[in-house]
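Asker: quick one, what's the 3D model for this:
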Amino acid sequence: MEMIIAVSVFGAVLAACLGMFAADSVQVISRSRIMKAIGQADKSQGESRSFKQRVIIPLLHKVTAFLGNSTSKEKLTLIEQRLSAAGLAGQWNSKEWKALQYGLAIVSGGCLFGVLSLISPAFMQNFGLALVGMMIGFIFPDAWLKGKGKQRQTEIQNTLPDVLDLLTVSVEAGLGFDSALLTVSEKRKGVLGQEFLKVLQEIKMGRPRRDALRDMSKRLEVEDLSSLIASLIQADQLGISIGGVLRNQSVQIRQRRRMRTEEKAQKAPVKMMIPMVMFIFPAIFIIILGPAAIKIMQELL
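Answerer: Numbering: from 1, shown residues only. The predicted structure follows:
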């Protein structure tokens, strides 16, 4: 009886998922037919659309509408900040990401429950493991997003001094600040190059340079970059030479990077104590004291 209930639950979850995907596919196909009929569909754009844009994003919109406003505004704001730090702000919004968390939790829990039910008939044990799978599926997107943001921030901290040197040379060679940013974005392919291009695009659209730079600082949340942008905005307001500001900031950022490296080096012995005490010392004690313990036991017996 428990086996029949488990298979039924798994079949219901699988049928619901397939039904949602099928309904979404039918809607996408119907929409494309209507657009072709009125002459608004572009074949090249249709072929270039990815599976995420055709299926996953519309499905997440449905799930988001179903969930409604169950998530607080503070949580959504935090997710938006993490998406911006990870470079996914233009691809996902906070509600879509939250819907992805719920959807991945349901799918992972249902699939795990179905697989375990086919292996073992223990209903309560399989249900408990399925709940653990749901928790992992819910936590994984948030953990991956944090890791992605930290990875980008680390890359920015490592490449910022070299980028500043190139920017300083370009400005002192006679280029304007915007032209120097364009030169740096062309020479340095990475996170900073992409962000500088985004700033230049916003400036070309008519946005003030100060606002574009402030948004980049809030978007990336890197302390060194925030200090640099604050200095550049202040120099622009006071009419100070940008070349001198860039050179001074480059020296200060290199000093801060050296201090962070020295701090990590000082923390390394403390972090090494835990694996040494747990894994290395027991093996050494066994090798040194093992023969003596065996001889003592033989003498006593």
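Asker: going forward, measure contacts and count neighbours with C-alpha atoms only.
Answerer: OK.
Asker: okay, V169 and A85: tell me how far apart.
Answerer: Here the criterion is Cα to Cα, to the nearest Å. By it, V169 lies 28 Å from A85.
Asker: please apply the same query to D178.
Answerer: From D178 to A85 the distance is 23 Å (Cα to Cα).
Asker: again, but for E263
Answerer: For E263, the distance to A85 equals 25 Å [Cα to Cα].
Asker: which one of these two has more residues nearby?
Answerer: A85 (25 against 11; other Cα atoms under 10 Å).
Asker: what residues does the more buried one make contact with?
Answerer: Neighbouring residues of A85 by Cα atoms under 8 Å, 6 or more residues apart in numbering: G149, K150, R152, Q153, R219, L220, E221.
Asker: go ahead and list the helix or strand containing the first one.
Answerer: Assigned by DSSP states H and E, G149 belongs to helix 123-172.
Asker: residue contacts, A89?
Answerer: Taking Cα under 8 Å, 6+ apart, we find A89 in contact with E80, L83.
Asker: report all helices and strands that the helix holding G149 contacts.
Answerer: Applying 3 or more Cα pairs under 8 Å, 6 or more residues apart in numbering; DSSP states H and E, one finds that helix 123-172 contacts helix 2-37, helix 73-85, helix 94-119, helix 177-187, helix 191-204, helix 223-238, helix 242-275.
Asker: one step back: identify the farthest-apart pair in the contacts of A85.
Answerer: Using Cα to Cα, the contacts of A85 reach their maximum pairwise distance at K150 and R219, which is 12.7 Å.
Asker: please report the distance of I287 from I280.
Answerer: From I287 across to I280, the span is 11 Å (Cα to Cα).
Asker: scratch that, R219 is what I was asking about
Answerer: 44 Å.
Asker: before we move on, back to that, can you redo the contacts of A85 as JSON lines with distance to C111?
Answerer: Shown next, in JSON lines, are the contacts of A85 (distance: Cα to Cα, whole Å):
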{"residue": "G149", "distance to C111": "29"}
{"residue": "K150", "distance to C111": "31"}
{"residue": "R152", "distance to C111": "33"}
{"residue": "Q153", "distance to C111": "35"}
{"residue": "R219", "distance to C111": "37"}
{"residue": "L220", "distance to C111": "37"}
{"residue": "E221", "distance to C111": "38"}
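Asker: by neighbours, which of those wins?
Answerer: L220 (25 neighbours).
Asker: what sits against it?
Answerer: Residues in contact with L220 (Cα under 8 Å, 6+ apart) are S84, A85, A86, Q153.
Asker: out of those residues, which is nearest to L301?
Answerer: For those, the nearest to L301 is Q153 (64.0 Å; Cα to Cα).
Asker: any chance you could list what contacts the helix or strand containing P291?
Answerer: P291 belongs to helix 281-300 when assigned by DSSP H and E. Identification of contacts with helix 281-300 by Cα under 8 Å, 6+ apart yields no residue at all.
Asker: angle of that helix against helix 242-275?
Answerer: Computed by axes from the mean of the first three to the mean of the last three Cα atoms, to 10 degrees, the angle separating helix 281-300 from helix 242-275 equals 10 degrees.
Asker: buried residues in helix 281-300?
Answerer: By neighbour count on 16 or more other Cα atoms under 10 Å, the buried set for helix 281-300 is empty.
Asker: again, but for stretch 121-133
Answerer: Buried, per 16+ other Cα under 10 Å, within stretch 121-133: P121, F123, N126, F127, A130, L131, V132, G133.
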